[in-house]
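> no sequence for this one, just the structure:
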């Protein structure tokens, strides 16, 4: 199937073969950046502020003085990359968050990366990657990047409040029933504790529902990823559990809160809630004060013992039009290798999950040991995401729209989930046909 910019990319690929390592003089193409002295400038675009990556960029420059990394923070990232692709002006290095890899790969924007070649490099230690993180860089059986960083969710609780009520958090966290019991205890003592609610559940759309599906023993799709399980009775039961917390007055009505301003962290800091679901990259914004002495616990899990939580992984890929693919891959190997990744994890402005097993402690190096931040690492055993298919963003949008009917319009959950499943199944069938 011809891709949206296939003609452009084929033309660029032919040019790459003729002038590899040399500048063509085309000022529009950001990737053509090798001069006669052998110095190379690699342009890297991402949505993150440069402060997140500056320490590792500086460290790479020290050992590779002939290579300059020109980092650009870009707003409206997906639109920018697609626009640059159409104009043959892509950067060399392209960051990919969940949903980007398949979109950019399908459009011919990303260069395929040969994992078998990376595995041959004994110094790179490819086997050290958490296997789950590699899935985020793969589309239709091919790798288009290497995992760099990311984050997952766990629950934070106010130890002061729990101690007042003599509530002990089990090592594995609370089951659904136990979690509801704790909420009831907190609300029975809300005046003494000064809380408005025990906790709340923020409306993140599908990423709110997914953990409860997994915790209730149902996967998002069947094994061949052609049908979703959103209309499974266990999924409907998971929705009913969330609704029961609202109906019993244990949490407020579900609403959309801006994750970017960390509202749940603010509520924990102020003491208006006793516990909340917090992402790793948010956790350092928690403040110990007269009201809050915080600690991390595992997310609640199903009464049958099943666990599940959301994991995001960002990967770094190479533009298919880059004239400096070898240098770009060398930088990717550095920032995702044990030396570079350690520098990133220990100096980044926001905590990140280590995509390498050997660096797991580095991912929580910024936390006081008393905060139990190692749970974010332990949770990698049960964290995941939906299949890396082309329609991912469309699925997320459909889920948000349909779930509004439950949370806000109070429609019957079974009916809504059946409608949502039908809509997403059509997308999955189209994905399957695309990849044949």
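Received the coordinates, thanks. All values derive from a computational prediction rather than experimental measurement.
> The helix or strand hosting residue 296 pairs with which strands, parallel or anti?
Residue 296 is part of strand 294-297, with elements assigned from DSSP states H and E. Strand 294-297 pairs in its sheet with strand 146-158 (antiparallel), by DSSP bridges.
> In the strand it pairs with, which residues are buried?
146-158 (16 or more other Cβ atoms under 10 Å). Using the backbone N, CA and C atoms, a C-beta is placed for each residue, glycine as well.
> Run through the residues that contact residue 300.
Counting by Cβ atoms under 8 Å, 6 or more residues apart in numbering, residue 300 touches 155, 173-176, 178-179, 215.
> distance of it from residue 383?
14 Å (Cβ to Cβ, to the nearest Å).
> and if you look at residue 227?
23 Å.
> The two - which one has more neighbours?
residue 383 (27 against 16; other Cβ atoms under 10 Å).
> isn't that one right up against residue 152?
Yes: with contacts counted by Cβ atoms under 8 Å, residue 383 reaches residue 152, the gap being 4.7 Å.
> what is in contact with the two at once?
Joint contacts of residue 383 and residue 152 (Cβ under 8 Å, 6+ apart) are 309-311.
> any chance of those residues in a markdown table, plus secondary structure and pLDDT?
Converted to a markdown table, the shared contacts of residue 383 and residue 152 look like this (DSSP: H, G, I helix; E, B strand; the rest coil; pLDDT from 0 to 100):
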| residue | secondary structure | pLDDT |
| --- | --- | --- |
| 309 | strand | 98 |
| 310 | strand | 97 |
| 311 | strand | 97 |
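> Need the residues you listed in JSON lines (columns: neighbour count and distance to residue 292).
What follows is the shared contacts of residue 383 and residue 152, written out as JSON lines (neighbours: other Cβ atoms under 10 Å; distance: Cβ to Cβ, whole Å):
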{"residue": "309", "neighbour count": "24", "distance to residue 292": "23"}
{"residue": "310", "neighbour count": "23", "distance to residue 292": "24"}
{"residue": "311", "neighbour count": "23", "distance to residue 292": "26"}
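> Closest one of those to residue 192?
Using Cβ to Cβ, residue 309 comes nearest to residue 192 of the shared contacts of residue 383 and residue 152, at 31.1 Å.
> quick one, what contacts that closest one?
Contacts of residue 309 by Cβ under 8 Å, 6+ apart are 152-154, 211, 214, 299, 379, 382-383.
> got those as JSON lines, with distance to residue 44 and pLDDT columns?
Shown next, in JSON lines, are those (distance: Cβ to Cβ, whole Å; pLDDT from 0 to 100):
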{"residue": "152", "distance to residue 44": "25", "pLDDT": "97"}
{"residue": "153", "distance to residue 44": "27", "pLDDT": "97"}
{"residue": "154", "distance to residue 44": "30", "pLDDT": "97"}
{"residue": "211", "distance to residue 44": "32", "pLDDT": "98"}
{"residue": "214", "distance to residue 44": "34", "pLDDT": "98"}
{"residue": "299", "distance to residue 44": "33", "pLDDT": "98"}
{"residue": "379", "distance to residue 44": "29", "pLDDT": "97"}
{"residue": "382", "distance to residue 44": "32", "pLDDT": "97"}
{"residue": "383", "distance to residue 44": "27", "pLDDT": "97"}
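> Return the member of these nearest to residue 400.
Using Cβ to Cβ, the contacts of residue 309 come closest to residue 400 at residue 211, 16.0 Å.
> Quick one: residues in contact with the helix or strand containing that closest one.
Using DSSP H and E, residue 211 falls within helix 206-215. Residues from elsewhere that reach helix 206-215 (Cβ under 8 Å, 6+ apart): 153, 176, 201-202, 219-220, 229-230, 234-235, 238-239, 241-242, 299-302, 306-310, 382, 384-386, 395-396, 399-400, 403.
> try it again with 7 Å
201-202, 220, 235, 238-239, 241-242, 299-302, 306-310, 396, 399-400, 403 (Cβ atoms under 7 Å, 6 or more residues apart in numbering).
> Identify those among these that sit within strands.
309-310 (DSSP state E).
> among the contacts of helix 206-215, which ones are buried?
201-202, 220, 235, 238-239, 241-242, 299-302, 307-310, 396, 399-400, 403.
> what residues are up against residue 386?
So residue 386 contacts 220, 392, 395 (Cβ under 7 Å, 6+ apart).
> Turn those residues into JSON lines, including distance to residue 53.
Output for those, formatted as JSON lines (distance: Cβ to Cβ, whole Å):
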{"residue": "220", "distance to residue 53": "31"}
{"residue": "392", "distance to residue 53": "25"}
{"residue": "395", "distance to residue 53": "30"}
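> which one of these sits closest to residue 40?
For the contacts of residue 386, the nearest to residue 40 is residue 392 (33.7 Å; Cβ to Cβ).
> How many residues are close by the closest one?
21.
> mind starting the numbering at 388 from now?
Sure thing, new numbering starts at 388, so read that last one as residue 779.
> Correct me if wrong: it contacts residue 486.
Yes: between residue 779 and residue 486 there is a contact at 4.8 Å, judged by Cβ atoms under 7 Å.
> Which one of the contacts of residue 687 sits in the busiest neighbourhood?
That'd be residue 602 among those, by other Cβ under 10 Å, with 25 neighbours.
> can you pull the pLDDT of that one?
Note for residue 602: predicted pLDDT of 98.
> Just list the residues touching the residue nearest to it when sequence neighbours are not counted, thanks.
Excluding the flanking residues, the one nearest residue 602 by Cβ to Cβ, 6 or more residues apart in numbering is residue 689, at 4.1 Å. The neighbours of residue 689, taking Cβ under 7 Å, 6+ apart as the test, are 563, 602-604.
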